[in-house]
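> Sequence below, structure please.
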Amino acid sequence: MPRTDKIGEMSVSEHHEMILSETRESGAEEWACTTCARRIVFRWPPRYEKLVLEHGDVNAVHVGGKGGLRVGGLAVTRAPATEMPATEMPAAERDWLRDNGIEWDGASA
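Got it, this is the predicted structure:
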């Protein structure tokens, strides 16, 4: 479980890097953790799908990038009240969620 160092800030003790290990004929990508046995297959939108092949260390934060990108640190902080998003989600975002099988606010998006 992430530990809280300050009010509104969380830190995670362990970060693991995922690397792209294979791109399948279907276009799906298999990613593998360089530290634990975690393996995931992703298919990107418009037919998004995530399949976990091996769970590995479920308590670690797994990050990765491709195209020369590397993910460094991760910090989560609460946005100031003036930057908080409006409660109403734009229609295009709700459509994307619905098209990818994601429910929002307890109802189908």
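> hang on, residue 92 in a strand?
No. The assignment for residue 92 is helix, going by DSSP: H, G, I helix; E, B strand; the rest coil, so no strand is present there.
> Near it, how many residues? Count them for me, please.
8 (other CB atoms under 10 Å). Every C-beta, even on glycine, is put in place using the N, C-alpha and C of the backbone.
> From here on, call the first residue 50.
Got it, the first residue is 50 from now on, which makes the last one we talked about residue 141.
> for stretch 69-79, the distance to its chain's centre please.
18 Å (CA atoms, centre = their mean, to the nearest Å).
> just so I have it, where are all the helices in this protein?
Assigned by DSSP state H, the chain shows helices spanning 140-148.
> show me where it has strands.
Secondary structure of the chain by DSSP state E: the strands cover 52-55, 58-60, 64-72, 78-82, 88-92, 98-103, 110-113, 125-126, 152-153, 156-157.
> Highest mean neighbour count across the ones you listed, which stretch is it?
strand 78-82 (a mean of 19; mean count of other CB atoms under 10 Å).
> What residues does residue 109 make contact with?
61, 63-65, 82, 84-85 (CB atoms under 8 Å, 6 or more residues apart in numbering).
> can you list the weak-confidence ranges in this protein?
Within the chain, the set of residues satisfying pLDDT under 70 comprises 50-62, 120-125, 128, 130-136, 154-158.
> Swap in 50 and give it another go.
50-54, 56, 155, 157-158 (pLDDT under 50).
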